[in-house]
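# compute the structure for the input listed below.
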Amino acid sequence: MAEHPLPGSLAPRLLPTLQLAGAWQMAIDRWLLEQGRPAFRLYRWSGPTLSLGFHQHQLMPHWPSLARQGVIDLVRRPSGGRAVLHAGELTYALIWPNPGLARKEAYRRSCAWLQLAFARLGLPLQFGDQAVSLERSSCFATSTAADLVHPGGLKRIGSAQLWRQGCLLQHGSILIEPPMALWQEVFGAPPPALSPLSIDAGTLEHRLLDAAREALPMALGDFEPLLESEWEQIGGRLADHHWEVGPSGLVSTSPLASMVRTTWGSPNPRG
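Presented below is the predicted three-dimensional model:
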């Protein structure tokens, strides 16, 4: 059950769906977190993009080559977790100031709307039970307590968090129709063999928004687009998330990127 709206400028903000390059999407989410105001949005990516978890150091050695060829774009997320291939999926971001909950419980409260939406589609989801693996490059190679899986263990949604001064940013990737060939090329393994959805992506988005309005721990109002002045502020954060690919691998001079030690490990056939 959603709570009553917060007064004034602290009222939860619902952003319209945006389809943008990865650096813009990550910069928007980081900017929203910095505002300290409850917020929620769904979004898509303008092309196949591999987002790397903030603390992910061991990366697949062929990823820079795929980026140089234009097969994928590479961005660094502000949130943790493993690499996520954004293609054939829908991404969500939730900003929740001061949840007052332990992290595991915050995950569960933050995911109730997803369970509601998929239960209504006849595709119930439960939380994963595998241990976090530092050996897997792909977020979808394991199913931890932060992830949502179908009975039998097939992972539909992977989520990751970032906490800053008590404020939560939670990212999640909702698989719809992951591209088999690209997934194999990026991770060396096929995507989860998920049951196809009975509705198209547009209808799914509407169903997800309906469930979010019912089950998120905040009351969402009407869409509130970003203002021109806000776009300007967000644009100043782009360099922190965009990675150029040079002959020796990823290259970035941003303050955020300099905090991350990136190395290219040996290929992992399990993805």
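
# what is the rounded mean pLDDT of stretch 147-166?
If you average the pLDDT over stretch 147-166, you get 91.

# give me the buried positions along it.
By neighbour count with 16 or more other C-beta atoms under 10 Å, stretch 147-166 contains the buried residues 147-150, 155-163. Just so you know, the C-beta spots here come from the backbone N, C-alpha and C atoms, and that holds for glycine as well.

# what of stretch 30-39?
30-33, 35-39.

# ditto for stretch 196-216
197, 204-205, 207-209, 211-213, 215-216.

# what does stretch 39-53 give?
39-45, 48-53.

# I'd like the residues you listed laid out as CSV, including pLDDT.
What follows is these, written out as CSV (pLDDT from 0 to 100):
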residue, pLDDT
Ala39, 98
Phe40, 98
Arg41, 98
Leu42, 98
Tyr43, 98
Arg44, 97
Trp45, 97
Pro48, 97
Thr49, 97
Leu50, 96
Ser51, 94
Leu52, 91
Gly53, 89
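
# tell me which of these fall in strands.
Among these, the residues falling in strands (DSSP state E) are 39-45, 49-52.

# which of those lies closest to Gly188?
Nearest to Gly188 among those, counting by C-beta to C-beta, is Leu50 at 13.4 Å.

# skipping its backbone neighbours, what lies nearest the closest one in space?
Leaving out its chain neighbours, the residue that sits closest to Leu50 by C-beta to C-beta, 6 or more residues apart in numbering is Ile72, at 4.9 Å.

# quick check: mean pLDDT of stretch 80-91?
On average, stretch 80-91 scores 94.

# kindly export that stretch (C-alpha atoms) in CSV.
Included here for stretch 80-91 are C-alpha records, laid out as CSV according to Å, rounded to 0.1, in the frame of the first residue of the first chain:
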residue,chain,number,x,y,z
GLY,A,80,26.7,-1.8,-7.5
GLY,A,81,26.3,-5.3,-8.9
ARG,A,82,27.6,-7.0,-12.0
ALA,A,83,27.3,-6.0,-15.7
VAL,A,84,23.9,-5.7,-17.2
LEU,A,85,23.2,-5.8,-20.9
HIS,A,86,20.5,-3.3,-21.7
ALA,A,87,18.8,-4.7,-24.8
GLY,A,88,15.4,-6.3,-25.0
GLU,A,89,14.6,-5.1,-21.5
LEU,A,90,13.1,-2.2,-19.5
THR,A,91,15.0,-0.4,-16.7
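
# centre of the chain to that stretch, how far?
Remark: stretch 80-91 is offset 6 Å from the chain centroid, using C-alpha atoms, centre = their mean, to the nearest Å.

# kindly report the same for stretch 112-131.
17 Å.

# got the buried residues for that stretch?
112-118, 125, 127-128.

# please apply the same query to stretch 169-185.
169-176, 178, 182-183.

# for Glu105, state which of the residues you listed is nearest.
Closest to Glu105, out of all of the buried residues of stretch 169-185 and judged by C-beta to C-beta, is Gln170, at 12.7 Å.

# what sits against that closest one?
79, 93-94, 96, 106-107, 110, 159-161 (C-beta atoms under 8 Å, 6 or more residues apart in numbering).

# could you rerun that using 10 Å?
Contact analysis of Gln170 by C-beta atoms under 10 Å, 6 or more residues apart in numbering lists 29, 40, 79, 92-96, 99, 106-107, 110-111, 146, 159-163.

# so what's it closest to, chain neighbours aside?
Leu94 (4.5 Å).

# okay but the one you found is in contact with Cys111, surely?
Yes. Between Leu94 and Cys111 there is a contact under C-beta atoms under 10 Å: 9.4 Å.

# shared neighbours, those two?
Common contact partners of Leu94 and Cys111 (C-beta under 10 Å, 6+ apart): 159, 170, 172, 216.

# pull the most distant pair out of the residues you listed.
Among the shared contacts of Leu94 and Cys111, Ser159 and Leu216 lie farthest apart (C-beta to C-beta), at 13.7 Å.

# common neighbours of these two, please.
94, 110-111.

# so which of those residues is the most crowded?
When neighbours are counted by other C-beta atoms under 10 Å, Leu94 leads the shared contacts of Ser159 and Leu216 with 26 neighbours.
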